[in-house]
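[1] task: produce atomic coordinates for the following.
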Amino acid sequence: MPRFAANLSMLFTEVAFLDRFQAARRAGFQAVEFLFPYDFSALDIKAALDDCGLPLVLFNTPAGDWAKGARGHAAVPGMSDQFAGDLALALDYASVLHPMHTHVMAGVSQGEDALACFQSNLRHATETAPAQCFLIEPLNPFDMPGYFLDDFAQARSVIKSVSAPNLGLQFDAYHAQRITGDALAAWPENRSLSRHIQIAGSPGRHDPLPSEIDYRRFFRQLDIEGYTGFVSGEYLPRHSTETSLAWMQPDN
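    Numbers count the residues shown, from 1 in each chain. From the prediction side, this is the model:
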């Protein structure tokens, strides 16, 4: 079985955010991630990480005003200064929290100018922090309408164009299912660039089991391939988090 991480922005919401780290450890997770740390002190989050003894896999660069539709700024023409500030804040947190990866939020935009902006800002990020691994993630247009990066071929092209050793792909199987119609068929052409995997049931982004995505088969494939990264549960439990964790059990 792969190593499993818990997305603490979506799981264990029955308790306060800083209490979710211990809840993840007790549930058997081997790492944690979250969407955004910026509402909390980096030192408080670091204390929670130290107390639970789990590594931090990932968090995102700032999205901006989510309620007003902001979804990041890296691919939004005319907002490179805003992205530079986003990056600086994310790296400040990373210097304390030491995430394995930082996901760069592209933002809502389209067109060739947006592509050029995205590539330029990714080069800036990877050159500014060469020791930090950055990831980009295609998000499906049904859940995230207008988001610039909504296609895996596009993501591969961007990574190839930027050509930085510390830039890779975040493969979210739920988004892959919504984008391509078959997440497992999409995996082989993306595996070589993928440094982190996220899962959720489809449709609905709820518990991974049951799902139209055969996660038991996916996990077996990852084992065969020798995947050494983490697989993170990033989903909205139908009921409590604890009752949603059957997907973590070995396939007998």
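[2] just the strands in the stretch 151-252 of the chain please.
    For the stretch 151-252 of the chain, applying DSSP state E, counting those that start in this stretch gives strands covering 167-172, 194-199, 230-233.
[3] now Ala183: how far from Asp214?
    9 Å (C-beta to C-beta, to the nearest Å). Glycine gets a C-beta too; all of them are placed from N, C-alpha and C.
[4] coming back round to it: ranking the strands of the stretch 151-252 of the chain by burial, who's on top?
    strand 230-233 (a mean of 26; mean count of other C-beta atoms under 10 Å).
[5] out of the strands of the stretch 151-252 of the chain, which is closest to Arg25?
    strand 230-233 (14.2 Å; C-beta to C-beta).
[6] can you list the strands that the closest one pairs with?
    The strands that strand 230-233 pairs with in its sheet are strand 3-7 (parallel), strand 194-199 (parallel) (by DSSP bridges).
[7] so the last one versus strand 167-172, what angle?
    Orientation note: strand 194-199 sits at an angle of 20 degrees relative to strand 167-172 (axes from the mean of the first three to the mean of the last three C-alpha atoms, to 10 degrees).
[8] who touches strand 194-199?
    2, 7, 57-58, 100-101, 133, 135, 168-174, 187, 208, 213, 215, 218, 222, 227, 229-235, 247 (C-beta atoms under 8 Å, 6 or more residues apart in numbering).
[9] generate a ChimeraX selection restricted to the buried subset of those.
    Per 16 or more other C-beta atoms under 10 Å, the buried members of the contacts of strand 194-199 correspond to this ChimeraX selection:
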select :2,7,57,58,100,101,133,135,168,169,170,171,172,173,174,187,208,213,215,218,222,227,229,230,231,232,233,234,235,247
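[10] the closest residue to Val96 other than its chain neighbours: neighbour count?
    Counting by C-beta to C-beta, 6 or more residues apart in numbering, Val96 lies nearest to Ala42, which is 4.0 Å off, once chain neighbours are set aside. Ala42 has 15 neighbours, counted by other C-beta atoms under 10 Å.
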